[in-house]
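Asks: Build the 3D model from these lines:
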Amino acid sequence: MSTKIMLMTLPGKEKGNRLETRSPTRQIPKMSASWVRYFIWSYHTLLEGLLGRGTMESKEAAMNTDMESLLSRRSVRSFTEEQIADEDLLLILEAGRLAPNGKNQETWHFTALQDPQKLRALDELVVGPNNSFFYHAPTLILVSIQLGSAYEKEDTACALTNMMQAAHALGLGSVWCNRINNNHDIDTQLSDYGIPEGYRVTGTLAVGHVKGDYPPRRKPKEGTITIIRA
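Replies: Residues are numbered from 1 along each chain as shown. The predicted structure is shown next:
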C-alpha cells in the first residue's frame, strides 16, 4: 500500500521555453522494517552528534534510574511521625493530577489531610478510636471522583499509582487504603474533610517517611504472565 503526499512546486531551470519543476505529487512506498530500524539508528546517531555522547549516556542513565524506581516500589505500612515536606506533597499531588484518565475529563479532586486532629477524627469515624486504617501516616490523600463519572475506578487507580510512584521517587513510603471508598454511610459525613459537593471518595493514599525496613521483594509468581507471538 502506498501513501500520496502533496509537495510544494519548486522553481526550476528554464529549458527552452519550458520551465522544469518538481512534480506536485509523489508516491512513497511503505517502508520495510529494516528501513525503520535504519532511520531509528540514524536519529539516535544525530542526537549523539548534536547533544554529545555524554548527554545521551546521561539520558540512558536517567531512564535506568526511572525503571529501578518503578520496579523497587513497595507498599509501606509503618511510618515515622515526621511530616513530609511541602514541596514533596505538591509534587505527589501533581503526579496524581497528571495521571491518565478517561477521555481526559479529569473528574477528580485531591484532598491532602495533615491536621492530626482531623486524621484522628477520621480514624474514629472509619475504624474506631483504637485503630488506624492509614497506619498513622502523617499525610493522607483522599481521591474523590465526581458523581456519575463513567471511569471512576480506572481514574482512581491511575491517580493513586502515579502518586505512589512519585512518593517512592522522593524517598517516601506510601500505601493505598480502601476503608472509605464504597461506604455510603461514611461518604455522607465527609463534608468537613475537603470533599467537594457532588463528589465521593474512591480511594485514599497514606504517605510518610518509612519507619524500619522495606518489605522483602516479591517472589515471581508462576502463571501471571502470558506472551503470545506470531
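Asks: Can you tell me the element the residue nearest to the spatial centre of the chain falls in?
Replies: Nearest residue to the geometric centre of the chain (Cα atoms, centre = their mean): Asn162, 3.6 Å. Following DSSP states H and E, one finds Asn162 within helix 152-169.
Asks: And for Leu205?
Replies: Per DSSP H and E, Leu205 falls inside strand 199-208.
Asks: Only alpha carbons, please: show that strand as PDB.
Replies: Coordinates of the C-alpha atoms in strand 199-208 are reproduced here as PDB (Å, rounded to 0.1, in the frame of the first residue of the first chain):
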ATOM      1  CA  TYR A 199     -18.000  14.000  44.700                       C
ATOM      2  CA  ARG A 200     -17.400  10.900  46.600                       C
ATOM      3  CA  VAL A 201     -14.200   9.300  47.900                       C
ATOM      4  CA  THR A 202     -13.000   6.400  45.800                       C
ATOM      5  CA  GLY A 203      -9.500   5.800  47.200                       C
ATOM      6  CA  THR A 204      -7.000   7.100  49.800                       C
ATOM      7  CA  LEU A 205      -3.200   7.100  50.000                       C
ATOM      8  CA  ALA A 206      -1.200   7.100  53.200                       C
ATOM      9  CA  VAL A 207       2.200   8.900  52.800                       C
ATOM     10  CA  GLY A 208       5.100   9.400  55.100                       C
END
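Asks: Neighbouring strands - and their directions - for that strand?
Replies: If you go by DSSP bridges, strand 199-208 pairs up with strand 139-146 (antiparallel), strand 173-177 (antiparallel).
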